[in-house]
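>>> the amino acid sequence is not available; the structure is as follows:
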């Protein structure tokens with residue numbers, strides 16, 4: 001696998017891009033941030049692609065697994081995001097397992113349950129620091145993979161606030177802000193979020209001439 005800096009602008013996206021996700025909230029954010037820079041965008045869910053098992057031990061590895069599976073299944077460039085919440089008092093957990101922390105015993109995913117689990121573990125800790133991390137992998141059918149990434153620092157707050165966004169947004173308050181991601185409009189969140197930073201780097205490299 002190559003880092004994107006190894007190829008720079010020797011490669012350009014075609015008119016088609018597959019977003020390797022079944023997460024509607026994540027898909028919406030990516031589409032909003034990429035805008036009209038790619039002519040035709042489809043998601044893995046729309047194409048009926050299976051989610052590959054996330055066997056990686058890092059955000060980079062899991063993003064690459066998802067992007068490469070979609071690229072090779074469709075013959076088109078594919079973009080995947082692997083992201084999560086890293087809580088300092090939990091030694092960086094839930095991290096790459098952020099979505100799995102929200103799974104109940106019956107297999108259903110409930111981020112309200114996931115947020116409560118985090119708070120139960122840190123409510124008596126002085127340190128409530130956390131960061132959101134996003135790694136994007138752009139894969140081509142020939143196996144080449146390139147990355148961009150973004151982080152945002154903040155802290156965990158309780159109780160959850162706001163109905164916007166998705167995932168752990170209602171308990172994350174970024175540094176310098178008085179509202180959680182869950183209380184922000186999409187435009188406000190895009191101005192500072194981890195995924196927005198990674199996508200701006202992606203757009204600058206791959207969608208700008």
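The structure has been received and is ready for your questions. All of these numbers come straight from a predicted model, not from anything done at the bench.
>>> so how far is the helix or strand of the chain at the bottom of the mean pLDDT ranking off the chain centroid?
Least confident element among the helices and strands of the chain, by mean pLDDT, DSSP states H and E: helix 24-34 (a mean of 84). Computed by CA atoms, centre = their mean, to the nearest Å, the chain-centroid distance of helix 24-34 equals 10 Å.
>>> how about residues contacting that helix?
With contact meaning CB atoms under 8 Å, 6 or more residues apart in numbering, helix 24-34 is reached by 17, 19, 21, 41, 43, 45, 79, 81, 83, 165-167, 186, 190, 193, 195-196, 199-200, 202-203, 207. Every C-beta, even on glycine, is put in place using the N, C-alpha and C of the backbone.
>>> how about whichever helix or strand comes after it, which residues are buried there?
Sequence order places strand 40-43 as the next helix or strand after helix 24-34, per DSSP states H and E. Under the neighbour-count criterion of 16 or more other CB atoms under 10 Å, strand 40-43 has 41, 42, 43 buried.
>>> now stretch 140-153
140, 144, 145, 146, 147, 148, 149, 150, 152.
>>> now secondary structure and pLDDT too, for these, in JSON lines please.
Below are these laid out as JSON lines (DSSP: H, G, I helix; E, B strand; the rest coil; pLDDT from 0 to 100):
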{"residue": "140", "secondary structure": "coil", "pLDDT": "93"}
{"residue": "144", "secondary structure": "coil", "pLDDT": "93"}
{"residue": "145", "secondary structure": "strand", "pLDDT": "94"}
{"residue": "146", "secondary structure": "strand", "pLDDT": "94"}
{"residue": "147", "secondary structure": "strand", "pLDDT": "96"}
{"residue": "148", "secondary structure": "strand", "pLDDT": "95"}
{"residue": "149", "secondary structure": "strand", "pLDDT": "96"}
{"residue": "150", "secondary structure": "strand", "pLDDT": "97"}
{"residue": "152", "secondary structure": "strand", "pLDDT": "98"}
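>>> thank you, goodbye.
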